[in-house]
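*Asks:* For reference, the sequence and a predicted model appear below.
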Amino acid sequence: MPGPQVTIDLEKIEANTRTVVSWCKASGISIFGVTKGSCGMPQVARAMLRGGVRGLGESRLENIRRLRGAGIDAPVMLLRSPPLSLIDEVIRTVDISLNSELAIIAELSRVAERMGRIHDIILMIDLGDLREGILPTDLIPTIERILEMPGIRIAGLGTNLTCFGAIIPTEVNLGQLADLAGTAQQRFGLDLAYISGGNSSSLPLLLSGNMPKGINHLRIGEAILQGGRDTFLDQPRQELDRDVFLLSGELLEVKMKPSMPIGISGVDAFGGRPVFQDIGERLRGIVNIGREDANIEGLLPVKQGVTVLGASSDHLILDVTDARPVPEVGDRVNFRMSYGALLAAMTSEYVEKLPMYDRNTQNPAARVSIFAEKNVAAALRKHTLDGRLANIGYEVDLTPRVTVDEISASLDRRARPLIFGADHRASFTAMSAVAATLDAFGLLWFDAMASVLPQQDGSESVLYRALGLGPGTGALTPKLSPENVVLIGLRETAPEEVEILKTSRVKIFTIADIDALGMREVIRQAVQIASAGMQGFHVSYNPAVTDIPGYLPGTGGITVRETHQAMEAIHQSKSMRAMDITGLDAEADPRFASMIVHFALSAFGKRIL
Ligand SMILES: *Cc1c(COP(=O)(O)O)cnc(C)c1O
């Protein structure tokens with residue numbers, strides 16, 4: 001059931017990033033894109049990287065784990081001092097951390113040396129905002145101490161402003177940072193790659209042409225994610241798009257009601273004493289967004305004539321009297337958000353996040369390229385798969401080889417490849433071809449088994465390899481990231497597999513989940529996960545997932561009807577870019593092969609009636 005949703009326009013993030021990067025480039029300043037407003041969403045990080053940021057900034061290790069799990073290997077900067085308890089993880093997963101405490105730097109040094117690594121730090125200086133940083137007078141002695149520590153390199157100096165003390169970046173305070181960096185470089189011969197002059201709030205100074213020489217780095221989140229809604233408060237910058245994130249909810253009630261509550265007034269659900277003005281009867285709407293989902297004070301209705309009156313934990317109360325057309329129950333209402341509201345919405349488990357990425361996702365042509373080894377191709381011909389696809393409007397070609405190059409070539413022709421193979425090696429070939437052609441894609445994996453174990457007795461463990469779960473080669477990340485992979489119909493897992501699955505972020509719908517939710521809901525969620533911020537998804541189907549009467553032992557798989565239902569929903573999503581079907585060979589029973597052919601036809605749009 002769609003409750004509150006945040007849509008995230010990845011194209012706008014990319015465009016905003018390009019704008020900020022070009023502003024900064026002119027002054028010799030490089031940018032790290034800060035993803036914390038999106039909780040480290042890999043799609044957001046990738047959009048920033050496409051837009052030209054040098055690296056990524058994150059304040060939370062959970063979010064960095066998420067980025068690394070998606071296969072993103074760009075430099076990552078930890079924006080908060082590492083906690084003593086997690087130094088090992090910081091050394092392993094983070095390239096640069098911001099620091100201001102010698103005790104912590106000493107521990108970083110100890111662990112880095114033990115691991116045989118060099119860890120880069122940016123030493124933070126407090127220029128008056130009174131959040132983190134050493135005081136300028138302590139700079140020289142602090143650097144002296146750090147230079148004695150092995151395993152640590154001072155890669156830069158930095159400051160953070162407009163956070164706690166609301167101190168604005170100026171020529172004076174950032175000039176002080178540049179001077180301190182100059183002193184440190186001269187006195188100690190340091191090579192400071194980062195003289196990091198703050199966050200989005202430093203952009204107005206840059207754009208006014210007054211950024212002090214020497215500042216060569218900024219850490220930018222808000223201006224990219226929110227188009228500078230908070231940064232350029234008084235003078236919005238047209239070059240930046242402010243509507244990257246939109247929160248929406250559904251109207252649950254629309255009624256004329258008095259504007260004054262009736263009865264004896266006490267305190268509201270949050271201990272406040274609300275004050276009301278009597279302006280007569282008004283048309284009021286209730287939306288399914290509450291204080292558990294967002295910071296209500298930071299919501300700004302997109303539609304004219306809608307105002308926010310207030311909220312309780314689960315209900316947002318609107319005045320919609322002046323909105324045209326008059327809103328009705330069931331309509332969705334959109335809101336822009338302040339940075340605070342964005343953070344709350346992105347963190348709330350109750351809010352669905354829908355990243356959108358439309359580039360190059362023009363509808364595929366009505367063309368199917370079938371790839372099958374010669375003997376399987378013959379069997380398919382017997383079942384006239386090509387003829388049946390032609391009957392429902394496709395141009396069809398058939399290639400008796402399954403290779404990455406030929407499948408990629410068919411994707412380049414905007415055809416949808418349909419690959420038949422004896423086992424999951426064909427799935428891997430197919431997914432490799434998709435990875436060679438698209439920037440980002442999801443995966444729907446229908447099988448009774450997960451295939452996430454390291455290679456065992458010579459058999460390929462395809463997902464293990466594709467998702468880079470081990471040290472081996474051939475990972476398709478970051479184009480395919482675990483967050484966009486859905487396993488459907490799982491019913492056999494080894495204990496070691498359960499461990500791997502638990503930590504992998506892959507979404508799993510077991511047979512028990514399908515029983516509980518129904519295939520319709522499972523496939524709705526699965527399609528959403530596999531296409532979130534992607535250019536479509538690949539489908540891998542193995543008949544072991546389905547109880548096919550008379551052929552596969554009925555060990556509690558999904559039914560034939562559920563299989564068709566899933567395939568039909570996949571077709572309706574219009575997001576399937578390629579499909580592979582394994583487990584079919586030349587000796588397969590014709591009735592079994594016919595069943596499989598019909599599943600494929602459903603995925604390509606054939607309805608039963
Ligand atoms: C959050 C943060 C940033 C980014 O700030 P924006 O205002 O989103 O640009 C930069 N540096 C540090 C240390 C931060 O915590």
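*Replies:* Received, thanks. What you see is a predicted model, and the numbers here were worked out from it, not measured in a lab.
*Asks:* going forward, measure contacts and count neighbours with C-alpha atoms only.
*Replies:* Will do.
*Asks:* Now stretch 574-592: average pLDDT?
*Replies:* For stretch 574-592, mean pLDDT is 90.
*Asks:* ok, residues contacting it?
*Replies:* With Cα atoms under 8 Å, 6 or more residues apart in numbering as the test, stretch 574-592 has contacts from 363-364, 375-376, 378-379, 411, 416-424, 426-427, 430, 434, 531, 535-543, 548, 551, 570, 593.
*Asks:* how about the residues of this structure near the ligand?
*Replies:* 34, 79, 160, 198, 199, 200, 219, 220, 221, 222 (Cα under 6 Å from any ligand atom).
*Asks:* For the first one, which residues are in contact?
*Replies:* Yep, that's residue 34 we're talking about. The neighbourhood of residue 34, defined by Cα under 8 Å, 6+ apart, consists of 56, 57, 58, 219, 220, 221, 222.
*Asks:* got it, and the second one?
*Replies:* When the contact criterion is Cα under 8 Å, 6+ apart, the partners of residue 79 are 57, 58, 59, 60, 97, 98.
*Asks:* Now for these: which two are most distant?
*Replies:* Longest distance between any two of the contacts of residue 79 is 12.2 Å, between 60 and 98; criterion Cα to Cα.
*Asks:* shared neighbours of the two, anything?
*Replies:* By Cα under 8 Å, 6+ apart, residue 60 and residue 98 have these common neighbours: 78, 79, 80.
*Asks:* rewinding a little: got a PyMOL select line for the buried ones in the contacts of stretch 574-592?
*Replies:* To isolate the buried members of those in PyMOL, using 16 or more other Cα atoms under 10 Å:
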select buried, resi 364+376+379+411+416+417+418+419+420+421+422+423+424+426+427+430+434+531+535+536+537+538+539+540+541+542+543+548+570+593
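*Asks:* Now, the contacts of stretch 574-592 that are in strands?
*Replies:* Secondary structure defined by DSSP state E assigns 416, 417, 418, 419, 420, 421, 537, 538, 539, 540, 541 of those to strands.
*Asks:* which residue sits closest to the first one, ignoring its sequence neighbours?
*Replies:* Nearest in space to residue 416, with sequence neighbours left out and distances taken as Cα to Cα, 6 or more residues apart in numbering, is residue 368 at 4.8 Å.
*Asks:* who touches the helix or strand harbouring that neighbour?
*Replies:* Taking DSSP states H and E as the definition, one finds residue 368 inside strand 367-372. Outside strand 367-372, the residues within contact range by Cα under 8 Å, 6+ apart are 377, 394-402, 407, 410, 414-421.
*Asks:* cool, stretch 546-559 as well?
*Replies:* Applying Cα under 8 Å, 6+ apart, the contact partners of stretch 546-559 are 448, 489, 491, 511, 544, 545, 560, 563, 592.
*Asks:* any chance of those residues in JSON lines, plus secondary structure and neighbour count?
*Replies:* Shown next, in JSON lines, are the contacts of stretch 546-559 (DSSP: H, G, I helix; E, B strand; the rest coil; neighbours: other Cα atoms under 10 Å):
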{"residue": "448", "secondary structure": "coil", "neighbour count": "24"}
{"residue": "489", "secondary structure": "strand", "neighbour count": "26"}
{"residue": "491", "secondary structure": "coil", "neighbour count": "17"}
{"residue": "511", "secondary structure": "helix", "neighbour count": "21"}
{"residue": "544", "secondary structure": "helix", "neighbour count": "22"}
{"residue": "545", "secondary structure": "helix", "neighbour count": "25"}
{"residue": "560", "secondary structure": "helix", "neighbour count": "18"}
{"residue": "563", "secondary structure": "helix", "neighbour count": "21"}
{"residue": "592", "secondary structure": "helix", "neighbour count": "16"}
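*Asks:* Out of these, which is nearest to residue 355?
*Replies:* Nearest member of the contacts of stretch 546-559 to residue 355, counting by Cα to Cα, is residue 489, at 25.7 Å.
*Asks:* so the closest one makes contact with residue 450?
*Replies:* No: with contact defined as Cα atoms under 8 Å, residue 489 does not reach residue 450; the gap is 9.4 Å.
*Asks:* re the thing from before, if we only consider the contacts of stretch 546-559, which is nearest to the ligand?
*Replies:* residue 489 (40.8 Å; Cα to the nearest ligand atom).
*Asks:* For residue 60 and residue 98, indicate the residue with more neighbours.
*Replies:* residue 98 (24 against 17; other Cα atoms under 10 Å).
*Asks:* I'd like the next helix or strand past the longest helix along the chain.
*Replies:* Ranked by residue count, the top helix of the chain under DSSP state H comes out as helix 171-188. Sequence-wise, the next helix or strand downstream of helix 171-188 (DSSP H and E) is strand 194-196.
*Asks:* quick one: average pLDDT of the lengthiest strand in the chain?
*Replies:* Counting by DSSP E, the longest strand found in the chain is strand 245-258. What strand 245-258 shows for mean pLDDT is 96.
*Asks:* For the residue nearest to residue 231 when sequence neighbours are not counted, grab phi and psi.
*Replies:* By the measure of Cα to Cα, 6+ apart, the closest residue to residue 231 outside its immediate chain neighbours is residue 201, 5.5 Å from it. Per-residue torsions, residue 201: phi -70, psi -10 (degrees, to the nearest 10).
*Asks:* got it, and residue 21?
*Replies:* Torsion angles, degrees, to the nearest 10, at residue 21: phi -60, psi -40.
*Asks:* residues touching it, list them.
*Replies:* Counting by Cα under 8 Å, 6+ apart, residue 21 has contacts 30, 31, 51, 52, 53.
*Asks:* thought the third one was touching residue 12?
*Replies:* No: under the contact definition of Cα under 8 Å, residue 51 does not touch residue 12, with a separation of 9.9 Å.
*Asks:* neighbour-wise, which of those two wins?
*Replies:* Neighbours were counted for residue 51 and for residue 12 using other Cα under 10 Å; residue 12 has more, 25 against 22.
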